[in-house]
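Q: Predicted model and sequence follow; I will ask about them next.
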Amino acid sequence: MDLNKKLPKYLTDKQNIVRLIFFTAAFALLFINLYSPFGVEAWFNISTLRLFVYSSGVILTGVLVVAVSRIIMFQAVRRGMELRIYQYLIWVAAEIISMAFFYTFYELVILEDARPFNDIFRVSILNTSLTLLLPYSVLWLYFSWRDKQRQLMEMREQPDAPSQKTMIPLRDEKGTLRLSLKRSDILYLQGTDNYVTVWYLSKERLLKYLLRNTLKKMEDELLPESIIRCHRSYMVNMDRIKLIRREKEGLMLELDTPLTVLIPVSRTYMNQVLLAFGQGE
């Protein structure tokens, strides 16, 4: 697995994040109450039912770490942050450590556990890893399977290749259609925060249209149309690239337009752009 690859979109999809939070909470309830890794049977001298209720409250409070973490992740991606797989794994490790700290604090302060902090924390790390990594792994496989099923369904419903479409719909962040253009007329897209400026040709004139959206979201929608990401702030229509040249500033794309238009290529996307032209490694 290439850890530097972009994180699959389905892992930061809003509905899938909600599914992950609820599934993880349900798994944690079953895992901790059945396996009793934190010694919950010794917490209270009460009935099994009341013990389940009390321990479940503590467990769900710990799972709030996951909920808060995933909300932060969703908002960050929505604002244009691009997560790589290795960054996602670091994020998961931070969730495990944070939840382990919570359970360690609970055992030391609330349950007055006499063991040293290091011993409790080490056990908490192990148990929390099992509590989170098992459902995370299952859901990653499930979301990947669903995504492939969706792609197959779309291919069956749309026998014609997307690139053969005469008009490209451009939508805002809510999915509302704002503009439709011929693919050959689109030059490039320029992103700034939560807005994207679409630059296009109309009767040999260079025009622009402002959309409330992010390049990250539009990247996934326009990739099948040969409109690719070449920079943190730019996407470019491959069919409008006249030449690729190296300058002091780095790789530049010159577009086939009446007026000279140069688009920068950042180091992050350089190989992706070269591969699109059969020149990558």
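A: That came in fine, so what should we check first?

Q: switch to C-alpha atoms for all contacts and neighbour counts from now on
A: OK.

Q: H231 is in contact with V273, isn't it?
A: No - H231 is not in contact with V273 according to Cα atoms under 8 Å; the separation is 9.8 Å.

Q: For these two, list the residues in contact with both.
A: V265 (Cα atoms under 8 Å, 6 or more residues apart in numbering).

Q: which of the two has more neighbours?
A: Here H231 and V273 are compared on neighbour count by other Cα atoms under 10 Å; more neighbours surround V273, at 22 against 19.

Q: Distance from the lowest-mean-pLDDT helix or strand in the chain to the middle of the chain?
A: Scoring the helices and strands of the chain by mean pLDDT, DSSP states H and E places helix 48-78 at the bottom, with a mean of 79. Averaging C-alpha positions (Cα atoms, centre = their mean, to the nearest Å) puts helix 48-78 20 Å from its chain's average.

Q: So for it, what gets flagged as buried?
A: For helix 48-78, burial by neighbour count (16 or more other Cα atoms under 10 Å) applies to 51-52, 55-56, 59-63, 65-67, 69-70, 73-74, 77-78.

Q: Check which helices and strands it sits against.
A: helix 14-35, helix 85-105, helix 215-222 (3 or more Cα pairs under 8 Å, 6 or more residues apart in numbering; DSSP states H and E).

Q: quick one, that helix and helix 14-35 angle?
A: On the basis of axes from the mean of the first three to the mean of the last three Cα atoms, to 10 degrees, helix 48-78 is oriented at 150 degrees to helix 14-35.

Q: Do a quick rundown of the strands in the stretch 151-281 of the chain.
A: Assigned by DSSP state E, counting those that start in this stretch, the stretch 151-281 of the chain shows strands spanning 167-171, 177-182, 186-192, 195-202, 205-212, 227-231, 234-237, 241-247, 250-255, 262-265.

Q: Please tabulate those strands in JSON lines, including the columns distance to M153.
A: JSON lines is the format used below for these (distance: least, Cα to Cα, whole Å):
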{"stretch": "strand 167-171", "distance to M153": "20"}
{"stretch": "strand 177-182", "distance to M153": "23"}
{"stretch": "strand 186-192", "distance to M153": "28"}
{"stretch": "strand 195-202", "distance to M153": "30"}
{"stretch": "strand 205-212", "distance to M153": "29"}
{"stretch": "strand 227-231", "distance to M153": "23"}
{"stretch": "strand 234-237", "distance to M153": "26"}
{"stretch": "strand 241-247", "distance to M153": "32"}
{"stretch": "strand 250-255", "distance to M153": "35"}
{"stretch": "strand 262-265", "distance to M153": "34"}
